[in-house]
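K.L.:
need a 3D model of the following:
(one chain, ligands or ions: 1)
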Amino acid sequence: MQNIFFPGRISSNPLCARYCASLMICIPLFLMVTSSCKTRLDNSPGPPNIVYILADDLGYGDLFCLNENAAWKTPSMDEIAAQGMVFTDAHSGSALCTPTRYGIITGRYSWRSTLKSGVTWSWDKPIIETGRTTIASLLKENGYTTACIGKWHLGLGWQMQDDHPDSIDFSKPVTGGPIELGFDYFYGITASLDIPPYVYIENDRPTTIPTRFTVSRDKYGWWRWGHTGDDFVHDQVLPHLTEKAVQFIEDHLAENNEKPFFLYFALPAPHTPILPTDEFQGITGTNPYGDFVVQVDWSVGKVMEVLKKHGLTENTLVIVTSDNGCSPEADYEELAMFGHNPSYVFRGHKADIFEGGHRMPFVVRWPEKISPGTSSGQTICLTDLMATCAAILDYKLLPEAGVDSYNLLPVFSGEEDDPIREATVHHSANGSFAIRKGKWKLILCPGSGGWSYPRPGVDDITGLPDTQLYDMESDLSETTNLQDQFPDVVEELTSLLMKYIEEGRSTPGPAQPYVDQERWPGLEWRERQRIDPSGS
Ligand SMILES: [Ca+2]
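P.N.:
Numbers count the residues shown, from 1 in each chain. Okay, here's the model as predicted:
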């Protein structure tokens, strides 16, 4: 039987046994405590509050409950796993920040948008199309108060004085951001914490007009040169945003205790700049990245603390996950000296088409529907939030909404063991594709599609096949390319991916338009397929 916490390992691991034993003691105690002090505001369960915590560049192997060799503990995230369900085969829609966020918020793979590779930069325009259903607009329409706290990174409509980037008019509102996409409240930052401008934005306006420029060239704590607000201190951003997330819940309860709330809390960490605050520096005895991961766990704990304080833990759906794999900026070699691999047993890291790029930690807690201490090996995608929320609310999505989103509710409730998704599409930094169906993963490029060996355009890939086929049951680490042994599988999966692209959706329903481009990086194989449908 597969170990529920460590899918690649047998369950006789002594560390796991010790941990699981401690959970068995803790869970009944927790249930006693929550049931005795329950102060739910409505006697009927009603729609759940939804708290979605998205870490930035947090690796699968960075959670203690997912990695028997983890060099630090993550008690808050482990507690959510112990009291709910842990997924061992969850995937971000991409191996980078922006496209994964697009997928979470729209239920649609980002490569259907104008963004075919990479991420948005400082002054890039919004990439979520006006009028598209978002997770926030869906929930708002269904009676929720909706808030986005943290890192946006989906482009914003800055108002310029002229074409030069330094001419941003910070006194003017930004357009196309969270407030126009269904969020009642936004407090956060433009993009990654190493991408300027370094200003807090509340709703649609910067909180200050920056008067200075900052830059850092520290090995771990670096950020690019750029506009910086007087109220903006890089190493205080994570605690400040955490405070804002907690404050949102407190304010919501004080102002309106009838409506459920949706909090999308997008942490800027443990992405660069890796800046654990004083009380976390050195806490793991490893390196600053490890310390920063522990601070991320602390942030998750602060949100759970406020839910507990108000008796909201029973009927709140809490999801904690990450937008892509751990970055090499964490220094994998240094962490290996402590036996720690942020990518666990998976190949590669952030940016890659290999599992290290997009197989994510995903823990979910909702006692009304999810039994404690459970796990699922279902292949799921972060695009699945929209259809799951629609199902929770018994709401029928429009045909054009959530075109790559599958309902996970039957998995949460333990009613469904068969695969929910027909197949799942992965996407890398340079726009390379992979498709996963059952045990088979077909990669439509010869290398990593990202930053690990063999790097596209950097390493010599002469002689490597154009496709890679891996058996994800027997070869979790993607070591043996079987494409020449299973041409039928290669053909079937290539055709399925092409169908998903050209029909504008990967879920049942009417075909939808999408942004096709004459030059679409990562899609060169489509032309070969068209010329020779057999793919040979
Ligand atoms: Ca990221």
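
K.L.:
for the closest residue to the ion within the stretch 401-536 of the chain, grab phi and psi.
P.N.:
Closest to the ion within the stretch 401-536 of the chain is A429: 10.7 Å, counting by C-beta to the ion. The way it works is simple: take the backbone N, C-alpha and C, and place the C-beta from them, glycine included. Listed backbone geometry of A429 is phi -60, psi -40, with angles given as degrees, to the nearest 10.

K.L.:
right, and it touches G118 too?
P.N.:
Yes - with contact defined as C-beta atoms under 8 Å, A429 reaches G118; the gap is 6.6 Å.

K.L.:
pLDDT averaged over the helix or strand where V411 lies - what is it?
P.N.:
Assessed by DSSP states H and E, V411 sits inside helix 409-412. The average pLDDT for helix 409-412 rounds to 97.

K.L.:
need the residue closest to the centroid of the protein.
P.N.:
What sits nearest the mean C-alpha location of the chain, by C-alpha atoms, centre = their mean, is D323, with 2.7 Å.

K.L.:
how about the nearest residue to that residue, chain neighbours excluded?
P.N.:
T100 (4.3 Å; C-beta to C-beta, 6 or more residues apart in numbering).

K.L.:
look up how far W123 lies from that neighbour.
P.N.:
As judged by C-beta to C-beta, to the nearest Å, T100 and W123 stand 21 Å apart.

K.L.:
who has more neighbours out of those two?
P.N.:
Comparing T100 with W123 by other C-beta atoms under 10 Å, the one with more neighbours is T100, at 30 against 15.

K.L.:
I'd guess the more buried one is in a helix, am I close?
P.N.:
Yes - counting by DSSP: H, G, I helix; E, B strand; the rest coil, T100 is located in a helix.

K.L.:
which ones are touching the residue of the stretch 151-300 of the chain found nearest the ion?
P.N.:
Using C-beta to the ion, the closest approach of the stretch 151-300 of the chain to the ion is made by H271 at 5.5 Å. The contact partners of H271, by C-beta atoms under 8 Å, 6 or more residues apart in numbering, come to D56, D57, C97, S192, L193, D194, S327.

K.L.:
give the closest residue to P270 in space, chain neighbours not counted.
P.N.:
Among residues not flanking P270 along the chain, F292 sits closest, at 4.1 Å (C-beta to C-beta, 6+ apart).

K.L.:
SS state for that neighbour?
P.N.:
Reduced to three states by three-state DSSP, F292 is helix.

K.L.:
I'd assumed L115 was in contact with E129.
P.N.:
No - the criterion here is C-beta under 8 Å, and E129 misses it with L115 at 11.3 Å.

K.L.:
okay, those two: which has more neighbours?
P.N.:
L115 (21 against 14).

K.L.:
so how far is F262 from the more buried one?
P.N.:
From L115 to F262 the distance is 24 Å (C-beta to C-beta).

K.L.:
in the stretch 151-300 of the chain, which spans are helices?
P.N.:
For the stretch 151-300 of the chain, the helices defined by DSSP state H, counting those that start in this stretch occupy 237-255, 288-309.

K.L.:
deepest-packed of the ones you listed, please.
P.N.:
Of all the helices of the stretch 151-300 of the chain, helix 288-309 has the most neighbours on average by mean count of other C-beta atoms under 10 Å, namely a mean of 22.

K.L.:
please save the CA atoms from the helix or strand that comes right after that helix in CSV.
P.N.:
Next in sequence after helix 288-309, counting helices and strands by DSSP H and E, comes strand 316-322. Output in CSV follows, covering the C-alpha atoms of strand 316-322 (Å, rounded to 0.1, in the frame of the first residue of the first chain):
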residue,chain,number,x,y,z
THR,A,316,-14.1,27.1,6.3
LEU,A,317,-12.5,25.5,3.3
VAL,A,318,-8.7,26.1,3.7
ILE,A,319,-6.4,25.3,0.9
VAL,A,320,-2.6,25.8,1.1
THR,A,321,-0.5,25.3,-2.0
SER,A,322,2.2,26.9,-4.1
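
K.L.:
show the pLDDT at the residue of the chain found nearest the ion.
P.N.:
Per C-beta to the ion, C97 is where the chain lies closest to the ion, at 3.7 Å. Note for C97: predicted pLDDT of 98.

K.L.:
again, but for the one 5 residues further on
P.N.:
The predicted local distance difference test score for Y102 is 98.

K.L.:
what does the protein put close to the ion?
P.N.:
D56, D57, C97, D323, N324 (C-beta under 5 Å from the ion).

K.L.:
where does the stretch 351-500 of the chain dip in pLDDT?
P.N.:
Along the stretch 351-500 of the chain, no part satisfies pLDDT under 70.

K.L.:
that one: strands as residue ranges?
P.N.:
359-365, 374-376, 380-381, 424-427, 433-437, 440-443, 468-471 (DSSP state E, counting those that start in this stretch).

K.L.:
what's stretch 308-318 in contact with?
P.N.:
Residues from elsewhere that reach stretch 308-318 (C-beta under 8 Å, 6+ apart): 34, 37-40, 45-46, 48-51, 53, 80, 84, 249, 253, 303-304, 307, 364-369, 392.

K.L.:
from the chain's centre, how far out does it sit?
P.N.:
22 Å (C-alpha atoms, centre = their mean, to the nearest Å).

K.L.:
average pLDDT across it?
P.N.:
96.

K.L.:
give the buried residues for it.
P.N.:
H310, L312, T313, E314, N315, T316, L317, V318 (16 or more other C-beta atoms under 10 Å).

K.L.:
sorry, back to before: may I see the helices of the stretch 151-300 of the chain organised as JSON lines, with distance to L66 added?
P.N.:
What follows is the helices of the stretch 151-300 of the chain, written out as JSON lines (distance: least, C-beta to C-beta, whole Å):
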{"stretch": "helix 237-255", "distance to L66": "22"}
{"stretch": "helix 288-309", "distance to L66": "12"}
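
K.L.:
compare those and give me the one nearest T480.
P.N.:
For the helices of the stretch 151-300 of the chain, the distance to T480 is smallest for helix 288-309, at 30.5 Å, taking C-beta to C-beta.

K.L.:
distance from that closest one to the middle of the chain?
P.N.:
17 Å.

K.L.:
would you mind writing the CA trace of it as PDB?
P.N.:
Coordinates of each C-alpha in helix 288-309 appear next as PDB, following Å, rounded to 0.1, in the frame of the first residue of the first chain:
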ATOM      1  CA  PRO A 288      18.000  31.600   4.800                       C
ATOM      2  CA  TYR A 289      15.700  29.800   2.500                       C
ATOM      3  CA  GLY A 290      14.900  27.200   5.100                       C
ATOM      4  CA  ASP A 291      14.300  29.900   7.600                       C
ATOM      5  CA  PHE A 292      12.000  31.700   5.200                       C
ATOM      6  CA  VAL A 293       9.900  28.600   4.600                       C
ATOM      7  CA  VAL A 294       9.400  28.300   8.400                       C
ATOM      8  CA  GLN A 295       8.300  31.900   8.300                       C
ATOM      9  CA  VAL A 296       5.800  31.100   5.600                       C
ATOM     10  CA  ASP A 297       4.500  28.300   7.800                       C
ATOM     11  CA  TRP A 298       4.200  30.900  10.600                       C
ATOM     12  CA  SER A 299       2.100  33.100   8.300                       C
ATOM     13  CA  VAL A 300      -0.300  30.200   7.500                       C
ATOM     14  CA  GLY A 301      -0.500  29.600  11.300                       C
ATOM     15  CA  LYS A 302      -1.500  33.200  11.900                       C
ATOM     16  CA  VAL A 303      -4.500  32.800   9.500                       C
ATOM     17  CA  MET A 304      -5.500  29.600  11.200                       C
ATOM     18  CA  GLU A 305      -5.200  31.200  14.600                       C
ATOM     19  CA  VAL A 306      -7.800  33.900  13.700                       C
ATOM     20  CA  LEU A 307     -10.200  31.200  12.300                       C
ATOM     21  CA  LYS A 308      -9.900  29.300  15.500                       C
ATOM     22  CA  LYS A 309     -10.300  32.400  17.600                       C
END
